[in-house]
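Asker: Take a look and give me a structure for this.
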Amino acid sequence: MKRRTFDRIVSFVGLGLSVFLFVAAALLNWGASFADESVATQLSQQKITMPDKGSAGFKALSEEAQTALAPFSNKPLTTGRQAQAYADFYIGSHLKGIAGGKVYSEVSGMALGAAAKSKAEPANIALATEAGVLMGQRTSLFMGETLRGLLLYSFAFWQIGQIAMYAAWAAAIGGLLMLVLSLLGFAHIRRVEADATI
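Answerer: Okay, here's the model as predicted:
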């Protein structure tokens, strides 16, 4: 095969790969922007303000929770990173205090059992009180775990957007590199003798 023919094939393949990488970079950038804007829009509509680090409620949190939440003190919750911190360290801390660390699935069965016993013995005030407490914990845990889960979904969607952004940068750099190499390949064709072979 003639060297010029080989150089043309390699240069055109490189040019095609460069175009593919630029298109991929544009699509990945669009995906990253979409994820970032969607998360910011949805979270800002909830009008959640991160806890103020000077408040008594903030100071009652664990040191780990305070460290995680401090950078976002008193700011509106609008990013995936804030959503994760709020879900794990603010809501999560409060959920641990509701039923001694038990989760909704554990408390729900206990609450329903206590409610059934209370209905069977309507005159038993102790059973009625226990059922009321457990049903209250069940409701609080359900609402808290639901909100926490939704915020963590926002974080996950935002994180996928961040990954897409880094992939867009990598694709754009790769596309630029392939474009330069392809142009160098085309320039090399002019310097190769017409009858050179490989």
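Asker: In contact with G80, which residues?
Answerer: Applying CB atoms under 8 Å, 6 or more residues apart in numbering to G80 gives the contacts 39, 154-159, 161-162. Backbone N, C-alpha and C define where each C-beta goes, glycine included.
Asker: Tell me which entries of the residues you listed lie within helices.
Answerer: Of the contacts of G80, the ones assigned to helices by DSSP state H are 39, 154-159, 161-162.
Asker: farthest pair in the contacts of G80?
Answerer: The span of these, defined through CB to CB, is set by S154 and Q162 at 12.6 Å.
Asker: The two: which is more packed in?
Answerer: When S154 and Q162 are compared for neighbours, S154 comes out ahead with 25 against 14, by other CB atoms under 10 Å.
Asker: so what's that one up against?
Answerer: Contact analysis of S154 by CB under 8 Å, 6+ apart lists 39, 42-43, 80, 83.
Asker: which sections of the chain are below the confidence cut-off?
Answerer: 192, 194, 196 (pLDDT under 70).
Asker: mind checking the end-to-end distance for stretch 118-127?
Answerer: Across stretch 118-127, the terminal residues are separated by 5 Å (CA to CA, to the nearest Å).
Asker: I misspoke; the intended subject was stretch 75-94.
Answerer: 20 Å.
Asker: Weed out the non-buried ones from the contacts of S154.
Answerer: Those of the contacts of S154 that meet the buried threshold are 39, 43, 80, 83, by 16 or more other CB atoms under 10 Å.
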